[in-house]
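1. here's my sequence, what's the structure:
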Amino acid sequence: MFNENQFSMDLWEALNIKEEFVEYRNIITDRKSKYSVCAWVITEKEDVKKFISKILKDKYYAKSTHNSYAYRIKDTNWVIIEWKNDDWEKWAGMCILREMIREDCQNMIIVVTRYFWWIHLQTDRFKNVIDGTKFIINEIKKWN
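-> Okay, here's the model as predicted:
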């Protein structure tokens, strides 16, 4: 059963905008699990490895339980290349990718990070991943 204080979106949390990198930390708290989301502009598959290694240098992401991500890239032949990674959070990458497809996001990677506190969220974890993805996509849309 869903309790009123079980879920919160702390929209006032840290907002960092550095060039093509956007990050929101601890935007969702659900039964002690905390979710953060970040996005980065990419133009080729090699950028994905650079971005993942960049965020994993930050202790916040390195110590997290899951860093699930998805990306979509439009190459020079107008072909969309897309991929997802669950990072042991089963189906989370697909949730991110599906939202990116719905919003027609291109040339970007979105990472949803979860700190797990030993309370299983069951399918509610998908809602949190989707909400985090929608949140960052909507924030990015505001600037364009």
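2. which SS state does K134 fall under?
-> When classified by DSSP: H, G, I helix; E, B strand; the rest coil, K134 comes out as helix.
3. going forward, count from 44.
-> Understood, numbering begins at 44; the last thing we discussed is K177.
4. all the strands of the chain, residue numbers only.
-> Ranges of strands in the chain, per DSSP state E, are 50-52, 58-61, 64-73, 76-84, 109-117, 123-128, 151-158.
5. of the ones you listed, which is nearest E182?
-> With distances scored as Cβ to Cβ, the stretch of the strands of the chain nearest to E182 is strand 64-73 (7.0 Å). (Each C-beta comes from the backbone N, C-alpha and C, glycine too.)
6. looking at the closest one now, give me its mean pLDDT.
-> Strand 64-73 carries an average pLDDT of 78.
7. and the angle from it to strand 151-158?
-> On the basis of axes from the mean of the first three to the mean of the last three Cα atoms, to 10 degrees, strand 64-73 is oriented at 40 degrees to strand 151-158.
8. partners of strand 64-73 in the sheet?
-> strand 50-52 (antiparallel), strand 58-61 (antiparallel), strand 76-84 (antiparallel) (DSSP bridges).
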